[in-house]
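Novice: sequence and predicted structure are below.
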Amino acid sequence: MAKVIGIGGVFFRSKDPAAARAWYQQHLGIPPGDDVMFIWREKDHDREQRTVWAPFEQNTDYFGPSGSGHMINYIVDDLDGMLAQLRAAGAQVEDKVEEYFFGRFGWATDPEGVRFELWEPINPPAAPTDNPPSDP
């Protein structure tokens, strides 16, 4: 069974993305990153985890037709398997899959009409365990 193994990104609509980035930098200490997004890099044992945080323009098409104010990117261990599972469960799944040097992406919509993104990294992080290895 394919499963989610992490959060790859948090995206939200903003009336003024530049102002939102500045506010979050000033009040929460989130660095502004580039003009589009900030990427956290966290080291967890032998893997690097990246999480994208990005405000989008209000009129973005990227969140699909639902009009939702946010979209989450989930890291998955098997994109094709996850898309097949969702289709079998009757979920609305987009046919397109996009491939980049850092991974593959697919999209689906939850029962409340909120679009979400699925990302299978080229070198996926290890799935979390209940008993993580201890440091030597």
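Specialist: Cool, the structure landed. Small disclaimer: the values here were computed from a predicted structure and weren't measured.
Novice: how about residues contacting stretch 64-76?
Specialist: Contact with stretch 64-76 is made by 2-13, 52, 62-63, 82, 107, 109, 113-121, 124-125, as judged by C-beta atoms under 8 Å, 6 or more residues apart in numbering. Backbone N, C-alpha and C define where each C-beta goes, glycine included.
Novice: so which of those residues are in helices?
Specialist: If you go by DSSP state H, the contacts of stretch 64-76 have residue 82 in helices.
Novice: got a PyMOL select line for the buried ones in the contacts of stretch 64-76?
Specialist: Buried members of the contacts of stretch 64-76 can be picked out in PyMOL with the line below, counting by 16 or more other C-beta atoms under 10 Å:
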select buried, resi 2+5+6+8+9+11+12+13+52+63+82+107+109+114+115+116+117+118+119+120+121+124+125
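Novice: who does residue 93 bridge with?
Specialist: Beta-bridge partners of residue 93, counted by DSSP bridges, are residue 108.
Novice: can you count the residues close to it?
Specialist: 19 (other C-beta atoms under 10 Å).
Novice: is it true that it touches residue 87?
Specialist: Yes. With contact defined as C-beta atoms under 8 Å, residue 93 counts as touching residue 87 (5.1 Å).
Novice: which stretches of this structure form strands?
Specialist: Secondary structure of the chain by DSSP state E: the strands cover 4-14, 38-44, 47-57, 70-76, 92-93, 98-100, 103-109, 115-121.
Novice: per-residue confidence averaged over the second one?
Specialist: In this case it means strand 38-44. For strand 38-44, the mean pLDDT works out to 55.
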